[in-house]
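*Asks:* Next come a sequence and a model predicted from it.
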Amino acid sequence: MVNLAAKLFLKKEDYHLVKGVTLPTEDGTTQIDHIIVSRYGIFVIESKNMKGWIFGNPNQAIWTQKIFKHTNKFQNPLHQNYKHVKTLESCLGLPEEKFFSLIVFVGDSTFKTNMPDNVTYAGGYIRFIKSKKTVVLSVAEVADVISKIKGGRLEPSFQTHRSHVNHVKANIAAKKNSSSCPKCGSDLVVRVSKKGPNAGNKFTGCSNFPKCRYVKSGT
């Protein structure tokens, strides 16, 4: 849907779409869903195919998806895309004001909290891009950016995708063993059980209790 909307509603002579870009980083790889390069800026797009109600704000590490009684936690996509933007800034040697981070939700989802202008549904991302009318790159710079992205990316392949997925899984496992709550992103703290058969015993749990009742296993 994101690719089709770009093809239908953005002039290809002015907006240049590069899809599925995997770039090397110091700690592995990072994968960017879509990059649209134009004289009006470089739009770095993270797409989310989700349904249900979506809750979150720009400062939260973890956002929430609710489907009836089922609740799912997922990483704030703005934070996720921040790494993408910074990687591109470094690769291209361009200042941050030439980049725009954009999160696009597709699927049957509804925002239940106010979202910033750069978090939108499929159709809204085209309006966001077209709202940027200040020229920040010359025609020659646009061509150079496209050439550098295509030249610096890892060759699209099953092996590249599998390597990136393994890197992401390793990061998730590392976060589970860190001092942050894997459910809500708050700090983990040592607490003392006050009730029940474990009264007096220490355990590691979320500092956001009672809103979050995560308890680290094995502690």
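*Replies:* The structure has been received and is ready for your questions. Residues are numbered from 1 along each chain as shown.
*Asks:* going forward, measure contacts and count neighbours with C-alpha atoms only.
*Replies:* Will do.
*Asks:* Count the residues that sit near Asn198.
*Replies:* Look at Asn198: counted by other CA atoms under 10 Å, it has 11 neighbours.
*Asks:* So it: helix, strand or coil?
*Replies:* Taking DSSP: H, G, I helix; E, B strand; the rest coil as the rule, one finds Asn198 in the coil state.
*Asks:* could you pull out the strands for the chain?
*Replies:* 15-25, 28-38, 41-49, 52-55, 62-67, 70-75, 99-106, 109-111, 119-121, 188-192, 202-206 (DSSP state E).
*Asks:* Quick check: buried residues in the last one?
*Replies:* Spelled out, that is strand 202-206. Judged by neighbour count using 16 or more other CA atoms under 10 Å, the buried positions of strand 202-206 are 203-206.
*Asks:* circling back: would TSV of the strands of the chain with distance to Val136 and mean pLDDT be doable?
*Replies:* Formatted as TSV, the strands of the chain follow (distance: least, CA to CA, whole Å; pLDDT from 0 to 100):
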stretch	distance to Val136	mean pLDDT
strand 15-25	13	87
strand 28-38	9	90
strand 41-49	6	96
strand 52-55	33	96
strand 62-67	33	95
strand 70-75	31	93
strand 99-106	10	96
strand 109-111	32	95
strand 119-121	22	95
strand 188-192	44	80
strand 202-206	45	82
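*Asks:* re earlier: right, and out of the buried residues of strand 202-206, which lies closest to Gly151?
*Replies:* Cys206 (44.2 Å; CA to CA).
*Asks:* so the closest one makes contact with Val215?
*Replies:* Yes. Using CA atoms under 8 Å, Cys206 is in contact with Val215, at 6.6 Å.
*Asks:* quick one: common contacting residues for these two?
*Replies:* Shared contacts of Cys206 and Val215 (CA atoms under 8 Å, 6 or more residues apart in numbering): none.
*Asks:* List the contacts of stretch 128-143.
*Replies:* Contacts for stretch 128-143 (CA under 8 Å, 6+ apart): 37-41, 43, 98, 117-118.
*Asks:* Ends of that stretch, what's the gap?
*Replies:* Its start and end residues considered, stretch 128-143 measures 22 Å (CA to CA, to the nearest Å).
*Asks:* next one: stretch 182-190
*Replies:* Span of stretch 182-190 from end to end, CA to CA: 16 Å.
*Asks:* cool, and stretch 99-118?
*Replies:* 12 Å.
*Asks:* Need the buried ones from the contacts of stretch 128-143 selected in PyMOL.
*Replies:* This is the PyMOL syntax for the buried subset of those, where burial follows 16+ other CA under 10 Å:
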select buried, resi 37+38+39+40+41+43+118
